[in-house]
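any chance you could fold what I've pasted below:
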Amino acid sequence: MDSNVLNLQERKCKACSPDTPPLEGEELRQYHNRLEEGWDLSGEHHLERVFKFKNFRQALDFTVKVGEMSEEEGHHPDIVLKWGEVKVIIYTHAIEALSESDFIWAAKADGLYAESRD
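Okay, the predicted model is just below:
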């Protein structure tokens with residue numbers, strides 16, 4: 001895994017307020033490039049990824065781990081659980097856009113996914 005992504009995984013999500021400036025343009029793309037493949041950048045609004053699993057149980061277990069991590073970080077995604085997959089959408093609700101915390105959260109989710117496949 002890329003050391004830049006590991007750096008994001010080691011950081012903590014920060015609470016944002018409505019005056020937190022959103023990430024935009026080149027800075028936003030630089031953060032996106034630090035993530036594992038599979039993360040779609042939807043406009044400059046949110047990140048989205050579908051994590052694939054062999055069955056419902058693995059997808060459910062991952063969903064629980066992501067939920068626990070989200071509570072620890074104080075940063076919460078939209079999660080859709082289906083048979084064999086988990087879709088997450090993450091953005092900073094306070095600003096209706098992306099902040100650094102969204103990329104920290106995404107990198108941590110990637111780490112959980114890597115652990116679940118070992």
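
where does pLDDT dip in this structure?
In the predicted model of the chain, residues 1-6, 118 satisfy pLDDT under 70.

make it 50
For the chain, the stretches flagged by pLDDT under 50 are 1-5.

ok, which stretches of it are helices?
3-9, 25-33, 56-73, 100-116 (DSSP state H).

can you list those in JSON lines and add mean neighbour count and distance to Ser42?
In short, each C-beta sits where N, CA and C put it, glycine included. JSON lines is the format used below for those (neighbours: other C-beta atoms under 10 Å; distance: least, C-beta to C-beta, whole Å):
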{"stretch": "helix 3-9", "mean neighbour count": "15", "distance to Ser42": "19"}
{"stretch": "helix 25-33", "mean neighbour count": "14", "distance to Ser42": "11"}
{"stretch": "helix 56-73", "mean neighbour count": "15", "distance to Ser42": "19"}
{"stretch": "helix 100-116", "mean neighbour count": "20", "distance to Ser42": "12"}
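
mind putting those in CSV, distance to Trp39 included?
Putting the helices of the chain into CSV (distance: least, C-beta to C-beta, whole Å) gives the following:
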stretch, distance to Trp39
helix 3-9, 11
helix 25-33, 7
helix 56-73, 14
helix 100-116, 6
